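Asks: Build me a structure from this.
(chains A and B)
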Amino acid sequence: MRIENNILVKLKDVGLKRNDKWLVKGVSLVVEKGKIITLIGPNGSGKSTTAKIALGLHKNIEGEVQKLTDKIGYVPQKISIDWTLPLRVKDFMLLTDDLNDKLIDEALTLTGVDHLKNKNLGNLSGGEFQRVLLARAISKKPELLVLDEPVQGVDFTGEIALYELIKKISENLNCGILLISHDLHTVMSATDHVVCLNGHVCCSGSPLDVAKNKEYKALFGEKASQTLSIYEHKHDHVHSSDGEIKKN
Amino acid sequence: MFDDFFIRAIFAGIGIAFVTGPLGCFVVWRRLSYFGDTLAHSALLGVTIAYSLDFNIAVSIFFISSAIALILIQLQRKTNLPSDALLGLLAHSSLAVGLVVIGFLTFIRFDIMGLLFGDILAVNKKDLFIIWFGGALILIVLKLIWKPLFASTVNYELAEAEGLNPDKAKAIFTVLLAALIAISIKLVGVLLITGMLIIPTAMARNLSDNPKKMVVFSIIGGLLSVFIGLFSSLEFNTPSGPSIIAAALFLFIISLFKIKQTIQLKN
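Replies: Next up, the predicted model:
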């Protein structure tokens, strides 16, 4: 029974068809509290589609979706803010929930962009904007986080720091995370469970199992399975977004 | 106090400006200006139906505009025509049908210019009541749907994923827009109500760095436009609607200097 209670989202044999073409088919996965599930796969393999199905954004799907939480934080893959809408970072933080200043500051500090609180959203760089998106998603302390390529455009050191942050969030908040990425190496070291997609689930399991899997190698090449170990190192310090080393 | 037609017009204008401010912001943010135009054009059909059936004008406009909005949504689903073509189709055909019906109603004398461009003399105490009561209702409902409407204006999927209901908010907003047009036709007229929604908001955009400020400036811009417009309408004997819109344009032009300044500051 306890295991059942930990489930946040359950997809069972889910598929989506658009214009007589299957975007994804036969996908089953479970996101549990405190666990990180990563979806990997080449472009057009249905990663974002699967995440959107889990969020209930697609109608007319095949199969079964069970969503057992309403406290959701979402970082979409693409988001464009129209210049006709003047929006500061702190306005954006309040978009779907009424948060107090303390929660907003906390989240922005965690992702290293607290100094941008009063800046206009349109004036941020790609990486800064991505950090704000992540801060917004975690600020409401969700039970389920769906992160669609959350570190795109973030510099390399920032990328590692953010992945570490994501891992920390899943532990501290005991929330389940559905993560989409295609930078294999960094992701693989911070994940509990990997689902490799290519229109269908081509393999899944622990990062090591997947890295050894034949289909995975066929999809990403021999090199990919070797990269895993390279980035599995411990950081003994933290960088802020401008590269300064922070003491903690 | 409300026995003087000019006082009535001023108070009608104040009531309308309070509603066009926030609604106008959403019209601009969601790129609905042509949609607003279409609803307004269809209002003329509502007026003719009200006259021929001896029915309340505001209520009739409200129902016709809402119906046109529903027809538009259906056409968007069922045809392959782009939205702007469908909007043009509905706007001009409902305007045309409205004018044709007026041609048939020879037993009633119409002030077509008044319908198209507004007529301050036409605002009576009952209209004033409809404007203030209806306007308050519109603002209350807007306040209730603000969060989902605003969130989905920024990003639809994000709002839906995090448990808000964007489709419902959008549908309600459409109804609010129809209601605003229904209460403001007499003062501003069919052809110019979209201007009242957009021009003070455009001015506000030039002066604001956040959404709340933009709403407030938009209301202030609307109020100033009403005052300047109505007083000059009285002074120069010009139609009320165009005078209000011309005043709004004047304010917009002044606001352009403010952007120029901030751009210079940045450099």
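Asks: Could you check how far the closest residue to A:Gly26 other than its chain neighbours is from chain B?
Replies: Spatially, and ignoring its direct neighbours in sequence, A:Gly26 is nearest to A:His200 (5.1 Å; Cβ to Cβ, 6 or more residues apart in numbering or on different chains). Placement of C-beta: from N, CA and C, glycine included. For A:His200, the distance to chain B equals 24 Å [Cβ to the nearest Cβ, to the nearest Å].
Asks: so where do the helices sit in the stretch 101-250 of chain B?
Replies: For the stretch 101-250 of chain B, the helices defined by DSSP state H, counting those that start in this stretch occupy B:112-117, B:125-154, B:156-161, B:166-188, B:193-207, B:211-236, B:240-266.
Asks: and the fifth one with helix B:240-266, angle?
Replies: In this case it means helix B:193-207. 20 degrees (axes from the mean of the first three to the mean of the last three Cα atoms, to 10 degrees).
Asks: Check which helices and strands helix B:193-207 sits against.
Replies: Counting contacts by 3 or more Cβ pairs under 8 Å, 6 or more residues apart in numbering or on different chains; DSSP states H and E, helix B:193-207 packs against helix B:5-29, helix B:33-53, helix B:166-188, helix B:211-236, helix B:240-266.
Asks: Equivalent analysis for the last one, please.
Replies: Of the remaining helices and strands, those touching helix B:240-266 by 3+ Cβ pairs under 8 Å, 6+ apart are helix B:112-117, helix B:166-188, helix B:193-207, helix B:211-236.
Asks: what phi and what psi does the backbone show at the spatially most central residue of chain A?
Replies: A centroid search over chain A (Cα atoms, centre = their mean) returns A:Leu147, at 2.2 Å, as the residue closest to the centre. Dihedral pair for A:Leu147: phi -120, psi 110, per degrees, to the nearest 10.
Asks: Quick check: beta-bridge partners of it?
Replies: A:Val75, A:Leu179 (DSSP bridges).
Asks: for it, what are its contacts?
Replies: By Cβ atoms under 8 Å, 6 or more residues apart in numbering or on different chains, the contact list for A:Leu147 reads A:75, A:134, A:137, A:166, A:177-180.
Asks: and what of B:Leu23?
Replies: By Cβ under 8 Å, 6+ apart, the residues touching B:Leu23 are B:138, B:142, B:176-177, B:180, B:197.
Asks: from the contacts of A:Leu147, which is closest to A:Thr38?
Replies: Among those, A:Leu179 lies closest to A:Thr38 (Cβ to Cβ), at 4.6 Å.
Asks: Can you give me the distance of that closest one to chain B?
Replies: Going from A:Leu179 to chain B by Cβ to the nearest Cβ gives 15 Å.
Asks: could I get the helices and strands packed on helix B:193-207 as a markdown table with mean pLDDT?
Replies: Below are the helices and strands packed on helix B:193-207 laid out as a markdown table (pLDDT from 0 to 100):
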| stretch | mean pLDDT |
| --- | --- |
| helix B:5-29 | 94 |
| helix B:33-53 | 88 |
| helix B:166-188 | 91 |
| helix B:211-236 | 94 |
| helix B:240-266 | 82 |
